[in-house]
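*Asks:* mind looking at a prediction? Sequence and model below.
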Amino acid sequence: MTFVPTIPESYSHVLAELESLDPLLSALRLDSSRLKCTSIAVSRKWLALGSSGGGVNLIQKEGWKHRLFLSHREGSISQVACCSHDDDYVAVATSQGLVVVWELNQEHRGKPERIYVSSEHKGRKVTALCWDTAVLRIFVGDHVGKVSAIKLHTSKQAKAASVFVMFPVQTITTVDSCVVQLDYLDGRLLVSSLTRAFLCDTEREKFWKIGNKERNGEYGACFFPGRCSGGQQPLIYCARPGSRMWEVSFDGEVRSTHQFKKLLSLPPLPVITPRSEPQYDHTVGSSQSLSFPRLLHLSEHCVLTWTEKGIYIFIPQNVQVLLWSEVKDIQDVAVYKNELFCLHLNGKVSHLSLLSVERCVERLLRRGLWVLAARTCYLFQNSIVASKARKTLTIDKLEHLKSQLDLETYSDLIPQLDELILKFEPLDSACSSRRSSISSHESFSILDSGIYRIISSRRGSQSDEDSCSLHSQTFSEDERLKEFTSHPEEDQPVTFETDKNETFLPFGIPLPFRSPSPLVSLQAVKDSVSSFVRKTTEKIGTLHTSPELKVRPEPRDEDQSCEEEVSSVTCPQEEVTEEKKEVISQPPKEDRFQELTAATAEAMTKLLDPLVLFEPQSLRVVLQEWLSHLERTFAMRDSPGTSDTGNSLVKLNQDESKKRIVGEDNEGEKRDSLDNEETVDPTACESINSPREPSDDDLFQVCSPCAIPTSLQKDLAELTALCLELNVLNSAIKSTDGHADHTLQQCSPEILACQFVKKYFFLLDLKRTKESIKLSYTSSSRIWDTFIEGLKEMASSNPTYMEMGEGDLPTRLKLLDDSIPFDSPLLIAYATRLYEKFGESALRSLIRFYPSILPSDIIQLCRHHPAQFLAYLDSLVKSRPEDQRSSFLESLLQPESLRLDWLLLAVSHDAPPSTSTVDDEGYPRPHSHLFSWGYSQLILYLIKLPADFTTKEKMTDICKSCGFWPGYLTLCWELERRREAFANIVYLNDMSLMSGDNGAYVPVDYSCRWYFTSLSRLFHKEMW
């Protein structure tokens, strides 16, 4: 018997296609090249199929009967959505941007009617539709980022009202890019764009950004409803680059990051379908770094997504991959309970079901698919034998299945079933398999027709969907605890979001946020156990400490985050030898930050006033007043006698070797990793002592000198970022004796900004700071260098930073790929170190980290060697498919002024000498257009991009002055400067330039006449 690999026991579910929808599509004539399905939606009753001809077919799922056809003359159907709580309403979006809402009138067997037509998005592409879960309201998102809401007035309401009322369309918000996905639950609207996810409280009209790290591309987000019985609040899951998801609370706070990259290295499970024989390749592949374009809540515990490779189903709370299967060319997926309806790129629709293995086998037996059932049983034998399947999938059924197989045709399959039957021992070892079958909860009899007659001994048996529910599985206590925790990976540690940027859209106005939601019960139990273990450990530790060094532990608030608790233990400074000094340095937490907390709350309240927010001078006054409180608070922390001498200050050396010595002196005190991908919580940092007592100008404070409450930390970070962005750096700076520090006030803005970054580095949002430095301090390279040095000091605590000191470039890049999160704010520090070691070759390799490392970062990195930036930019553009390069390059040109800068840079490097292309009078030399230019392709991409007339003229002058004649002629044709183009063609002495792709597109005889006339004038010195 040939060896057939079996599927591991851990796989308990499978995707099955038990019925084909091809006959239905054929009957609807949606399988032709002229007419095909373009959109799909599903509800309890309906399967809605939108077509390229502008029609929507409503299929009744029970019996797959075609009931209604809704026609539209406004173009093809781009989106369709069925109301989840009322099957009588369907929303449709057309290719022209119109949104049509239909009332089907099925209760009275009436004719469907349009109850609303919205032109709010006319001329735009509607990319997402989402129904409210309680009232008749539809949310609409389009490709420019606009989100609107349509409140419906139905015929049912009109009968009860004396007048007809038309509710206007409400604009919810406009986000920064195309709307990828919308989802709604319990008064909250979730908007996922190309760059980030947003949470909207539709009742209070408040908006929050979820997380601080942007992404670039289609990434979905969805709500994850909580369990009513357990009192669990709903969650939010947001897709992230590199096969990751954020787990977010219902209030928008990022709790953790789940990494599925390595888990997806397991082989795919086959889709059980009569179309093909299930095959399983047990070879483990490489980890998959994927982008999840949509996230959909499926069944009870699952989240579904898909890519061009297949379908992926996760149990995110357990950080588990339930399964993934190869299903090619998926355009969209609609789900209802455990059913999946997949729309493929060719217009085909497939119907899949997520089933437990035993339920799948039972359905195959009911349909008489004996061979498929037998192969499924053998492939999943490990799961069947180990689970409760023996109560429903008994030996009698397996023996009957074997009897239906032909001995000659399936001689290889029958021994496999015999092997499975031998493993199928009864539940009670004292009983035979026959007795076990009789004593099971269900028995059956087989009629002559082959139909199974099920005789159930229990009432209220579960339905197919209920039995499929993952909640019915038996979990061990360890698995239940894991349900609320994340499994840390080597290359992606579990992180907790501590610095959510709460802003109104689209102005970035800071908002007060409601108190965090209570933890679920199991998480509370886990935290209680962890707290008990920690306190017990501390108590045991005091038994080995001399009485003189004992300190009464300060009281802790129950609401204090776990990060603060860790901070108070893991950030000890230099040992204190005097008991009196120790007592002084531990004042009550309320006294430490009482003044600063009040000042911060007052400043945040003032920022909500539009008269302050939109008036720069008033805003600066508010920030100046607040900054004085910040200076006084942390100056008291830093003054001698009130804090430890090594209070997280790091000497900023210009010499790289000296910085490494500083790191080696304190190797034992550094954390193993500081690559938190969302924010670098300053309270989690370790202090690094300088080898000498530094002056104030040399100090770099990378972590907080004391624990700061999380609620205060968020507001401090917001206000500190505003101070840096608005250059409020020298306002009301006080020394420790209360007098103004005139020395700092007389410093240049560049020096003040550097000192500000050094002193308050622990409060900065690293990604926001990096962008603000590039925008607000473009003329100052010193501030950028200061910021990078701070990142290096933080990264030096990571073992990866030390390991990257050895090996060649590929080895270091692989180490960086495997160990550092793709969007870590510290990534630019590692990139800087690679560039300092390997130069231009390192820059070309950094294109793999786009968009975490942007061209604007590279410009700062190699500002002294602009030719190296050109090499990076050229490699980055060429890394995209040829048909996408122009649009990709256009997306990089922010601001627009970069177009001329990059063009001038490209024509000035790796170019032939100007004396070879331009003569003394400024005219082209003959055949000089044939010279080779190193970045000719990049130059042509730049000049062919859309631009205004003035910019095109400037680009023409640049090409002419540098002698890049192919680009110059192209721009002349575009600007209708044909006379000038003809003249220069004569100088180039190449008549082929007058026709073809680069030519003037004029008749040949006319071109020849122009050519010889111009040539004659040239010889007679009459050329203009």
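*Replies:* Great, that's in hand.
*Asks:* use CA for all of it now, contacts and neighbours both
*Replies:* OK.
*Asks:* who's in contact with Gln170?
*Replies:* Counting by C-alpha atoms under 8 Å, 6 or more residues apart in numbering, Gln170 makes contact with Ser148, Ala149, Ile150.
*Asks:* what would those look like in CSV with distance to Gln106, pLDDT and neighbour count?
*Replies:* Putting the contacts of Gln170 into CSV (distance: C-alpha to C-alpha, whole Å; pLDDT from 0 to 100; neighbours: other C-alpha atoms under 10 Å) gives the following:
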residue, distance to Gln106, pLDDT, neighbour count
Ser148, 28, 95, 19
Ala149, 25, 94, 22
Ile150, 22, 93, 22
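*Asks:* adding distance to Trp902, write those out as a markdown table.
*Replies:* Formatted as a markdown table, the contacts of Gln170 follow (distance: C-alpha to C-alpha, whole Å):
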| residue | distance to Trp902 |
| --- | --- |
| Ser148 | 39 |
| Ala149 | 42 |
| Ile150 | 45 |
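*Asks:* between those residues, which is nearest Tyr941?
*Replies:* Of all those, Tyr941 sits closest to Ser148, with 36.6 Å by C-alpha to C-alpha.
*Asks:* so the closest one sits in a strand?
*Replies:* Yes: under DSSP: H, G, I helix; E, B strand; the rest coil, Ser148 falls within a strand.
*Asks:* now it: closest residue in space that isn't a chain neighbour?
*Replies:* Thr171 (4.2 Å; C-alpha to C-alpha, 6 or more residues apart in numbering).
*Asks:* quick check: phi and psi on the one you found?
*Replies:* phi -80, psi 120 (degrees, to the nearest 10).
*Asks:* do the same with Lys209
*Replies:* Dihedral pair for Lys209: phi -80, psi 140, per degrees, to the nearest 10.
*Asks:* quick check: which element contains Arg880?
*Replies:* Using DSSP states H and E, Arg880 sits within no helix or strand.
*Asks:* circling back to that earlier point, the residue nearest to Ser148: what's it in contact with?
*Replies:* Lys146, Val147, Ser148, Ala149.
*Asks:* so Pro966 touches His929, yeah?
*Replies:* Yes: taking C-alpha atoms under 8 Å as the definition, Pro966 is a contact partner of His929 at 6.2 Å.
*Asks:* Ser748: how many residues sit nearby?
*Replies:* The number of residues packed near Ser748 is 10, by other C-alpha atoms under 10 Å.
*Asks:* and Pro855, by the same measure?
*Replies:* What Pro855 shows, counting by other C-alpha under 10 Å, is a neighbour count of 20.
*Asks:* so what pLDDT did it get?
*Replies:* At Pro855, the model reports a pLDDT of 89.
*Asks:* now the closest residue to it other than its chain neighbours: how far from Met955?
*Replies:* Counting by C-alpha to C-alpha, 6+ apart, Leu873 is the residue found nearest to Pro855 once chain neighbours are left out, at 7.0 Å. Going from Leu873 to Met955 by C-alpha to C-alpha, to the nearest Å gives 19 Å.
*Asks:* ok, and the closest non-adjacent residue to Trp131?
*Replies:* Nearest to Trp131 is Ile138, by C-alpha to C-alpha, 6+ apart, at 4.5 Å.
*Asks:* hang on, the one you found packs against Cys130?
*Replies:* Yes: counting by C-alpha under 8 Å, Cys130 is a contact partner of Ile138 at 5.8 Å.
*Asks:* what does stretch 70-86 contact?
*Replies:* Under C-alpha under 8 Å, 6+ apart, the answer for stretch 70-86 is 38-44, 46, 48-57, 89-96, 98, 112, 126-134.
*Asks:* in PyMOL, how would I select just the buried ones from these?
*Replies:* Burial among the contacts of stretch 70-86 is assessed by 16 or more other C-alpha atoms under 10 Å; the matching PyMOL selection reads:
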select buried, resi 38+39+40+41+42+43+44+46+48+49+50+51+52+53+54+55+56+57+89+90+91+92+93+94+95+96+98+112+126+127+128+129+130+131+132+133
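*Asks:* I'd like the next helix or strand past the helix or strand harbouring Tyr830.
*Replies:* Assigned by DSSP H and E, Tyr830 belongs to helix 827-838. Using DSSP H and E, the helix or strand that directly follows helix 827-838 along the chain is helix 840-845.
*Asks:* just to revisit the earlier point, Pro966 and His929: which has the busier surroundings?
*Replies:* Shown here are Pro966 and His929; by other C-alpha under 10 Å, His929 has more neighbours (22 against 18).
*Asks:* out of the contacts of Thr171, who's nearest Ser916?
*Replies:* Set against Ser916, the nearest of the contacts of Thr171 by C-alpha to C-alpha is Lys146 (52.8 Å).
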